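In: Give me the fold of what follows.
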Amino acid sequence: MKLLKPLLLAMLVATSVGAQAKYNGEDRGRPVMPAEINAKMQTECSGCHMAFPPGLLPAASWKKVMSGLDKHFGTDASLSDADTAEITNYMVKHGSNRWTANTAPLRITEGQWFKSKHLSGEINPAVWKRESVKSPSNCMACHSAADKGDFNEHNIRIPK
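Out: Numbers count the residues shown, from 1 in each chain. Below you'll find the model as predicted:
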């Protein structure tokens, strides 16, 4: 019994350090798409691209993205103040719950977990240039249920 408490503490510390180290602390959240859906976010974001699940980036990233909609990756995606606030609050509330790094990338493709899963050599770089894929940010090309937050590796279909 005397050893149980130190042993549990050691296991807790080891688990915590392991979680911190995964992808250098840049890990997407679970679940990536919350049960609570925001219709305004779905409508506004998917007007131009897939409405990315908020768990793919930390809250700090979503704050940066939403505060720069007038220069949203080369496009003016400005919204009313009320719409911006509603979507920002939703994305921040449901941002990654595993991101422990002090980083806040603007692009999902800049995160270490993304690079580890997609750019570490498992996928031939030529795949990203295919007309059916176009870019690493086109999640739906290979993850057909990405818009629902499903990135299960068993459901990946890389198009020709």
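
In: May I have the secondary structure class of residue 85?
Out: Secondary structure, DSSP: H, G, I helix; E, B strand; the rest coil: residue 85 is helix.

In: For it, grab the count of nearby residues.
Out: Residues lying near residue 85 (other C-beta atoms under 10 Å) number 12. Every C-beta, even on glycine, is put in place using the N, C-alpha and C of the backbone.

In: Next: residue 61.
Out: Residue 61: 24 neighbours (other C-beta under 10 Å).

In: and the next element down the chain from the helix or strand bottoming out on mean pLDDT in the chain?
Out: Counting by mean pLDDT, DSSP states H and E, the weakest-scoring helix or strand in the chain turns out to be helix 4-21, with a mean of 54. Per DSSP states H and E, the first helix or strand lying C-terminal to helix 4-21 is helix 39-46.

In: Show me what counts as buried in that next one.
Out: Of all the residues in helix 39-46, those buried under the rule 16 or more other C-beta atoms under 10 Å are 41, 44-45.

In: Please convert those residues to JSON lines, extending it with distance to residue 132 and pLDDT.
Out: Below are these laid out as JSON lines (distance: C-beta to C-beta, whole Å; pLDDT from 0 to 100):
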{"residue": "41", "distance to residue 132": "27", "pLDDT": "97"}
{"residue": "44", "distance to residue 132": "26", "pLDDT": "97"}
{"residue": "45", "distance to residue 132": "22", "pLDDT": "97"}
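
In: Closest to residue 87 out of those?
Out: residue 41 (4.7 Å; C-beta to C-beta).

In: what's the nearest residue to that closest one if we skip its chain neighbours?
Out: Excluding the flanking residues, the one nearest residue 41 by C-beta to C-beta, 6 or more residues apart in numbering is residue 87, at 4.7 Å.

In: Distance check, that neighbour against residue 155.
Out: Separation of residue 87 from residue 155 (C-beta to C-beta, to the nearest Å): 28 Å.
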